[in-house]
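A.B. asks: when you get a sec, could you give me coordinates for this:
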Amino acid sequence: MNFGFLFGMVLGLFIGACSASHGPTIRVRNEAAEVLTNVKLTGRSFDTTIASVLPGQTHEVRVSPRGETGVAVSFVANGSRVNVPEQGYFEDSWLYIVDVTITREHQVTVHATIRRTPW
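C.D. replies: Numbering: from 1, shown residues only. Predicted structure coming up:
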């Protein structure tokens, strides 16, 4: 068996997997009883808006921060804007999954985890 060829194949697959998925994934979960609109996620070098998140729904976005960051969250619920300062910690890596949960009382929690890789 040609180990050089096998190593090249594995390396190529690894590089392809890393380049195919860029920055971290942010998952926004709405546990409130009403629709959340104009959900804005901001951090170091990213600013993303989700038009609406229905009650019980989770919406995923990918962001491209520069270096280390957290996420600030703002949204409109029942006609009132809620602004929450930056929380959490993650980096510009596809390995990070950031869960943003908005509770019934419109409190926001941010929890970042690192994906387990198959290698």
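A.B. asks: I'd say residue 41 and residue 75 touch.
C.D. replies: No. Counting by C-beta atoms under 8 Å, no contact exists between residue 41 and residue 75, whose distance comes to 9.5 Å. Just so you know, the C-beta spots here come from the backbone N, C-alpha and C atoms, and that holds for glycine as well.
A.B. asks: okay, these two: which has more neighbours?
C.D. replies: residue 75 (26 against 21; other C-beta atoms under 10 Å).
A.B. asks: what are the buried residues along the top strand by length along the chain?
C.D. replies: When every strand of the chain is counted residue by residue (DSSP state E), the longest turns out to be strand 80-90. Within strand 80-90, the residues scored as buried using 16 or more other C-beta atoms under 10 Å are 82, 84, 87, 88, 90.
A.B. asks: measure the first one to residue 62 for me?
C.D. replies: Between residue 82 and residue 62 the distance is 24 Å, computed by C-beta to C-beta, to the nearest Å.
A.B. asks: likewise the third one?
C.D. replies: In this structure, residue 87 and residue 62 are separated by 19 Å, where distance is defined by C-beta to C-beta.
A.B. asks: likewise residue 110?
C.D. replies: Relative to residue 62, residue 110 is positioned 16 Å away (criterion: C-beta to C-beta).
A.B. asks: circling back to that earlier point, can you spell out which helices and strands pack onto the longest strand of the chain?
C.D. replies: Taking 3 or more C-beta pairs under 8 Å, 6 or more residues apart in numbering; DSSP states H and E as contact, the helices and strands that strand 80-90 lies on are strand 36-43, strand 69-77, strand 96-102, strand 108-114.
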